[in-house]
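[1] Give the three-dimensional model of this entry:
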Amino acid sequence: MAIKTILIIEDDRFIGEMYVRSLKKAAYEVDWMVDGNDGLIAARNKPYDLILLDVMLPERRGTEILEALRGGTEDLIPKSKVIVLTNFEQDDESRMAMEKRADGYLIKAEITPSKLLAVIAQLDATAQ
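    Modelled structure (predicted):
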């Protein structure tokens, strides 16, 4: 499965715009939601190949979104990969719980658009 459609759930306007611009330039179809409730609705209503999920969001935290999508007995997004993006320092237990449900965990301060594209390409290569 090649990654073509990406949902970004990110409330920081600068970071969101930067990711959208970079991903569209790389020929991905991108939707961007700025709060947790809208992000969860979008993730449930449209099949995305990849979801870039911020942890600290208004309305609903990224951890709650991940729990809602993948925490129950049924994976509501079985065809979607999820990369958690955060600058928030997690305690080890919280981070490990998220890493179990996500396909990647990145620190935003360390990720440039080109690094993000490389991570997506690597995730795409392992999915095929």
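[2] gap between residue 34 and residue 75?
    25 Å (C-beta to C-beta, to the nearest Å). For glycine as for every other residue, the C-beta is placed from the backbone atoms N, C-alpha and C.
[3] Of the two, give the one with the bigger neighbour count.
    residue 34 (17 against 12; other C-beta atoms under 10 Å).
[4] Go ahead and confirm the more buried one touches residue 10.
    Yes: using C-beta atoms under 8 Å, residue 34 makes contact with residue 10 at a distance of 7.0 Å.
[5] Find the residues that touch each one of the two.
    Taking C-beta atoms under 8 Å, 6 or more residues apart in numbering as the contact rule, the neighbours common to residue 34 and residue 10 are residue 16.
[6] Tell me how far the residue located most distally from the centre of the chain lies from residue 79.
    Residue farthest from the centre of the chain, counting by C-alpha atoms, centre = their mean, is residue 73 at 20.9 Å. Distance of residue 73 to residue 79, computed by C-beta to C-beta: 18 Å.
[7] does residue 83 really touch residue 104, like I thought?
    Yes: here residue 83 reaches residue 104: they are 3.9 Å apart, a contact under C-beta under 8 Å.
[8] between these two, what contacts are shared?
    119, 123.
[9] Give me the pLDDT value at the residue nearest in space to the middle of the chain.
    Nearest to the mean C-alpha position of the chain, by C-alpha atoms, centre = their mean, lies residue 52 at 1.6 Å. As predicted, residue 52 sits at a pLDDT of 97.
[10] Can you give me every residue that contacts it?
    Contacts of residue 52 by C-beta under 8 Å, 6+ apart are 6, 7, 8, 9, 10, 19, 83, 85, 116.
[11] Make a markdown table out of those and add neighbour count, pLDDT and distance to residue 68.
    Shown next, in a markdown table, are the contacts of residue 52 (neighbours: other C-beta atoms under 10 Å; pLDDT from 0 to 100; distance: C-beta to C-beta, whole Å):
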| residue | neighbour count | pLDDT | distance to residue 68 |
| --- | --- | --- | --- |
| 6 | 24 | 97 | 19 |
| 7 | 24 | 98 | 14 |
| 8 | 24 | 98 | 17 |
| 9 | 27 | 97 | 12 |
| 10 | 26 | 96 | 17 |
| 19 | 24 | 95 | 22 |
| 83 | 19 | 93 | 17 |
| 85 | 24 | 89 | 18 |
| 116 | 20 | 94 | 24 |
